[in-house]
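1. Pasting the sequence and the predicted coordinates here, then a few questions.
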There are 2 protein chains.
Amino acid sequence: MALSRGRRSQRSHRSNQGINQLAKAPLVHPWAPVEALSPDQLDAVHEASIKILENLGISVLGSHAISLFEKHGAKVEQIDGNEALVKLTRRMIEAAVASSPERFVLNAPNPANNIEIGGNQIHFGLVSGPPNVHDCINGRRVGNFADYQTLIKLGQFFNAIDFFGNQAIAPTDLPVGTRHLDTALCNLTLADKPFLVTGIGAGRVLDAMQLMAIYHGKQLDELRDFPCVMTNINVNSPRKLDDAMAYSAMQMAYYGQPVVVTPFTLMGAMTPATLPAALAQQNAEALFGVVLTQLVRPGAQVVYGGFTSNVDMRSGAPAFGTPENSLANIAGGQLARRYGLPYRTSACNAANVVDAQAAYETQMAMWGATLGHGNLIYHAAGWLEGGLVASFEKLVLDVEMIQHMKSMLAPRSFAAEEFGFDAMEEVGAGGHFFGCEHTMARYQTAFYSPILSDWQNHENWVMAGEKTATERATALWQHALAHYTPPSVSADIFDAMNAYVAKRKAALGSDEPNFVPDFIPAG
Amino acid sequence: MALSRGRRSQRSHRSNQGINQLAKAPLVHPWAPVEALSPDQLDAVHEASIKILENLGISVLGSHAISLFEKHGAKVEQIDGNEALVKLTRRMIEAAVASSPERFVLNAPNPANNIEIGGNQIHFGLVSGPPNVHDCINGRRVGNFADYQTLIKLGQFFNAIDFFGNQAIAPTDLPVGTRHLDTALCNLTLADKPFLVTGIGAGRVLDAMQLMAIYHGKQLDELRDFPCVMTNINVNSPRKLDDAMAYSAMQMAYYGQPVVVTPFTLMGAMTPATLPAALAQQNAEALFGVVLTQLVRPGAQVVYGGFTSNVDMRSGAPAFGTPENSLANIAGGQLARRYGLPYRTSACNAANVVDAQAAYETQMAMWGATLGHGNLIYHAAGWLEGGLVASFEKLVLDVEMIQHMKSMLAPRSFAAEEFGFDAMEEVGAGGHFFGCEHTMARYQTAFYSPILSDWQNHENWVMAGEKTATERATALWQHALAHYTPPSVSADIFDAMNAYVAKRKAALGSDEPNFVPDFIPAG
């Protein structure tokens, strides 16, 4: 073979002029979703989950949620004044599934960034939730608001990121009761992509909706026909829905804002140590949350969430990107489609460092999530240490891996001229196609051009400092921050949002926001 | 979430007792293969490839091959005495496709390692071909026979490896004309898994078949009904089949040994810079090789090979594990199945070091290869630097990634007891499943247990030396070599094989083995 590897890299030259990333574009999956479970297996999971909901029930905290279930026919077994075991009927579940929309548009701060959630549209989200943050220059540190802002800037800069999860990291240097105001304001001023707000109690999501109303020049009530902010609630598996989660979901559904319901089903710890059991429990818990939203408002936008992975049975440590996790990501999609619900999954890993393990675990999870037609793929950029750390280098690595996926699945022409018959005739047997007209007309866009991969030959790679992908990622996030530009927000809106935040901070002081919904659930 | 990450790792303790790898088992893919190309696109590729074979032809070196094509109806345009442009008829192609078997068993030295090639059986092969070798202790060096032996030992040790490719590395310290004898003898004494021999001229593969006959206690002629060694020939794309490749394929087919035909179609260099053109050219070149084997012996075992990737259009460097490569791996499977042929593909990368890039590029290629139902996935363990290096650490990393894939696709019970309903009732809402009977009965085998992944928590990981996956891989290949045991070979056979090698070396001296087949092609 006559080719030399990387005659002369032009990468270092090119990188001075900016990162040549993929243009912003939604991924519309062109392949049929993979059917990893047989129809019989899928039926068995469904029936087992109905059995769980009818016979074992879900423990619910919060009298407003409990009474809502009871009023609509659930069997309620009171545990104490604020907790009850709630058992659903098959009819309640079927009705909720029937009234939930199959797809909807989440309006972004910038309409160019709106995302359609459902069908075969796949969207990748930034990491959310870690208590710590890491990069190879500043090391590992506790989550803080400065790094939160940096993560939002990086998520805004990289086109591969379609949305922001609940909170990129916990800004632990801000007061607990008001940090949701700071983070929402940050997402609305440093970025213009769709984002989720933390669903802990009704007051926090109400604040976020008030800010969205100001941003979009609407009244709160007008948001009902304008989904523009989303939250994710977790079921505390096994089978426990707490009031903080229930009330935020109810509040969101009431004002027409979408809710993602994600059971936290780590096999061996929160579920039995088998995939069938975990999927059945995940399905029961997710459907339970779906029912809650539909009881508040039939037709409320709700997303089926799956987060089934396993623990290390020797240590109890959570593991991600495992074979079981990847398979569960695919199977979760089959279940969501069975009910005609959009599907949220994730692309996680449990590595301690941005190394080959971080890459292969994330790839396992990301392929499963993509093949399963995950409409929202959470934690797709920046997640490390099983979710205990948001990593800047991992974020860059993940952007590269997302771009690989998006590029592989991009539309591709098979028109006659693409077959290059004339070029083959021109080049002849044993020649090469480097300089022929067919190649020259296409060479700039023919193939995906990576931002992180280094294809220099060994000699040049050594001369360039023998940098690993992780070391190269450090340069890339620094470059991204240097070239980040904030979106424009009109001065009026900017001032009005800041005034709202100031007013709320003054009102709250060091208190928690209101916990219960601002409405009395309908009977 | 109440779990701690990796309370106390038991890994260091366990690793003293051996590597807890997956048991040897063939991967029988339970999912339908992915259909990345539409039926129309597939038809267009097929028709374009027929047009190439009928109108442009393939340049063939070697009068024995040329005359064989001519005798069976090909249009031959002589270029010089030893080279001609050979144009096939559609009928010749259809006849060859019809007579090629859909699947066959390749008999291994140890019958327990036999592999069935075809259908949905997926087999992973060790790296083959690199001129260099690398590990993190001894650094980068030129291929040599000591390292060749080490690679065969590692391939034998790890159950994830199902077969050996042509030559793990080039043993450049051995004479060119006889090294094929040393390497074949090495594969038959240090390992007992199926292997391929280098297909450069007829004499080399004939020597390998003679050794196999001795090993299996058969006469050469008796191998006709006993496929037990295989070769891979490359078409020198674009559209050139040289005599060294043609004659080895003819010799193998004559004695009933399988041939893999793999066009070397790097888009932008050896094909036009589009996937449709590359697939059409790959298809034409692969079918051309299929026809050759069937002209020698209708019913000869032949495998459709695909190796379509792209070059870096800025430098001309080959790239692997790209989005285009992954997609081509899937599409290649669609084409092979269209003709009812077994399919060979690969899992390569172009990284310079065993880092996150090496992992994600390999994952991209490996997922494509597996989803495409690649019956033989070449270079699945140890390939680095675009094939210029065989890496011991990469080999370990790849074994881990293959085990992930095999484990995800392993059969899984959905029987009633797997749903753990009683365990859910026993544990109750909000409890945990660590100690319950259902878990205790399964905890040792419930989940895949990785050999390379480190799931300790951050604190323990730091105390253990902050090792990356690549650093941990160094310890693992050393451990594997320390625990490697050679298969048993009877003294008689061992002596007979050595005597054959000694006799042949004496006969060859510093000459090349016979180049042309030992038969006159049938008219």
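-> On my side now, so go ahead. Numbering: from 1, shown residues only, chains lettered A, B, ... in the order given.
2. Let's see the pLDDT reported for A:Q10.
-> We have a pLDDT of 39 for A:Q10.
3. what does A:P521 give?
-> We note a pLDDT of 72 for A:P521 in this prediction.
4. what about the residue nearest to it when sequence neighbours are not counted, helix or strand, and which?
-> Closest residue to A:P521 apart from its sequence neighbours, by Cβ to Cβ, 6 or more residues apart in numbering or on different chains: A:L68 at 4.2 Å. Every C-beta, even on glycine, is put in place using the N, C-alpha and C of the backbone. Secondary-structure assignment from DSSP states H and E places A:L68 in helix A:63-71.
5. residue contacts, the residue nearest to A:G118 when sequence neighbours are not counted?
-> Nearest residue to A:G118 in three dimensions, chain neighbours excluded: A:R103, at 2.5 Å (Cβ to Cβ, 6+ apart). Listed by Cβ atoms under 8 Å, 6 or more residues apart in numbering or on different chains, the contact partners of A:R103 are A:116-119, A:121, A:342.
6. so how far is A:Q301 from A:R103?
-> 9 Å (Cβ to Cβ, to the nearest Å).
7. again, but for A:F421
-> 50 Å.
8. Report the distance from whichever helix in chain A runs longest to the chain centre.
-> For chain A, the longest helix by residue count, based on DSSP state H, is helix A:275-296. How far helix A:275-296 lies from its chain's middle: 19 Å, per Cα atoms, centre = their mean, to the nearest Å.
9. can you tell if stretch A:416-425 touches chain B?
-> Yes - for stretch A:416-425 and chain B, the contact criterion (Cβ under 8 Å from any Cβ of the partner chain) is met by A:418-421, A:423-425.
10. what do you get for stretch A:397-413?
-> Yes - residues of stretch A:397-413 contacting chain B under Cβ under 8 Å from any Cβ: A:397, A:400-401, A:404-405, A:407-408, A:412-413.
11. could you check the angle helix A:63-71 makes with the longest helix of chain A?
-> 90 degrees (axes from the mean of the first three to the mean of the last three Cα atoms, to 10 degrees).
12. How many neighbouring residues does the closest residue to chain B within the stretch 351-500 of chain A have?
-> At 3.1 Å from chain B, A:G420 is the closest residue in the stretch 351-500 of chain A, using Cβ to the nearest Cβ. Per other Cβ atoms under 10 Å in any protein chain shown, the neighbour tally for A:G420 reads 27.
13. you'd agree it is up against B:P272?
-> Yes - A:G420 lies in contact with B:P272 (Cβ atoms under 8 Å); the separation is 3.1 Å.
14. what sits in contact with each of these two?
-> In contact with both A:G420 and B:P272: A:H438, using Cβ under 8 Å, 6+ apart.
15. buried stuff in stretch A:224-243?
-> The neighbour-count check on stretch A:224-243 (16 or more other Cβ atoms under 10 Å in any protein chain shown) flags A:226-243 as buried.
16. what's downstream of the helix or strand of chain A with the lowest mean pLDDT, the next helix or strand?
-> Ranked by mean pLDDT, DSSP states H and E, the weakest helix or strand in chain A is helix A:11-15, scoring a mean of 38. Going down the chain from helix A:11-15, the next helix or strand is strand A:27-28, by DSSP H and E.
17. Can you tell me what sits against that following strand?
-> For strand A:27-28, using Cβ under 8 Å, 6+ apart, the contacting residues are A:120-124, A:405-406, A:409-410.
18. got the contact list for whichever helix or strand comes after it?
-> For strand A:27-28, the following helix or strand on the C-terminal side (DSSP H and E) is helix A:39-51. With Cβ under 8 Å, 6+ apart as the test, helix A:39-51 has contacts from A:37, A:90, A:93, A:276-277, A:279-281, A:283-284, A:287, A:331, A:334-335, A:338, B:414, B:419, B:421.
19. So for helix A:39-51, mean pLDDT?
-> On average, helix A:39-51 scores 98.
20. Show me what counts as buried in that helix.
-> For helix A:39-51, using 16+ other Cβ under 10 Å, the buried residues are A:41-42, A:44-46, A:48-51.
21. Just the residues contacting the helix or strand where A:C186 lies, thanks.
-> Assigned by DSSP H and E, A:C186 belongs to helix A:179-189. Identification of contacts with helix A:179-189 by Cβ under 8 Å, 6+ apart yields A:109, A:145, A:148-149, A:152, A:164, A:167, A:171, A:174, A:195, A:197-198, A:204, A:207-208, A:211-212, A:215, A:486-487, A:489, A:494, A:497-498, A:501, A:504-505, A:513.
22. Swap in 6 Å and give it another go.
-> Helix A:179-189 has contacts (Cβ atoms under 6 Å, 6 or more residues apart in numbering or on different chains) with A:109, A:149, A:152, A:167, A:171, A:174, A:195, A:197-198, A:204, A:207-208, A:211, A:215, A:489, A:497, A:501, A:504.
23. Stretch A:401-413 too?
-> So stretch A:401-413 is contacted by A:22, A:27, A:29-30, A:124, A:160, A:370, A:448, B:323, B:326-327, B:360, B:364 (Cβ under 6 Å, 6+ apart).
24. wait, which of those residues is closest to B:E83?
-> Taking Cβ to Cβ as the measure, B:E83 sits nearest to B:L327 out of those, at 34.1 Å.
25. The closest one: how many residues sit nearby?
-> 24.
26. low-confidence ranges in chain A?
-> A:1-17, A:522-523 (pLDDT under 70).
27. repeat that with 50
-> A:1-2, A:6-17 (pLDDT under 50).
28. so what's the most centrally placed residue in it bridging to?
-> In chain A, the residue lying closest to the centroid (Cα atoms, centre = their mean) is A:Y378, at 2.2 Å. Legend: beta-bridge partners of A:Y378 under DSSP bridges are A:S346.
29. so what's the residue in the stretch 151-300 of chain A that chain B sits nearest to closest to, chain neighbours aside?
-> As assessed by Cβ to the nearest Cβ, chain B sits closest to A:P272 within the stretch 151-300 of chain A, at 3.1 Å. Nearest residue to A:P272, sequence neighbours excluded (Cβ to Cβ, 6+ apart): B:G420, at 3.1 Å.
30. got the contact list for the one you found?
-> A:272, A:277, B:438.
31. Kindly indicate the member of these with the most neighbours.
-> A:P272 (29 neighbours).
32. Please verify my assumption that that residue contacts B:H438.
-> Yes - between A:P272 and B:H438 there is a contact under Cβ atoms under 6 Å: 5.0 Å.
33. Touching both of those two, which residues are there?
-> B:420, B:423.
34. was I right about A:F124 contacting A:Y378?
-> No - A:F124 lies out of contact with A:Y378 (Cβ under 6 Å); the separation is 8.8 Å.
35. for the stretch 101-250 of chain A, what spans make up the helices?
-> If DSSP state H, counting those that start in this stretch is used as the criterion, the helices of the stretch 101-250 of chain A fall at A:145-157, A:179-189, A:202-216, A:243-254.
36. so of the ones you listed, which one's packed in deepest?
-> helix A:243-254 (a mean of 26; mean count of other Cβ atoms under 10 Å in any protein chain shown).
37. who touches that one?
-> A:61-62, A:65, A:199-202, A:205-206, A:231, A:233, A:259, A:292-293, A:296-297, A:300, A:516-517, A:519.
38. Mark which of the residues you listed are buried, thanks.
-> Buried subset of these (neighbour count, 16+ other Cβ under 10 Å): A:61-62, A:65, A:199-202, A:205-206, A:231, A:233, A:259, A:292-293, A:296-297, A:300, A:516-517.
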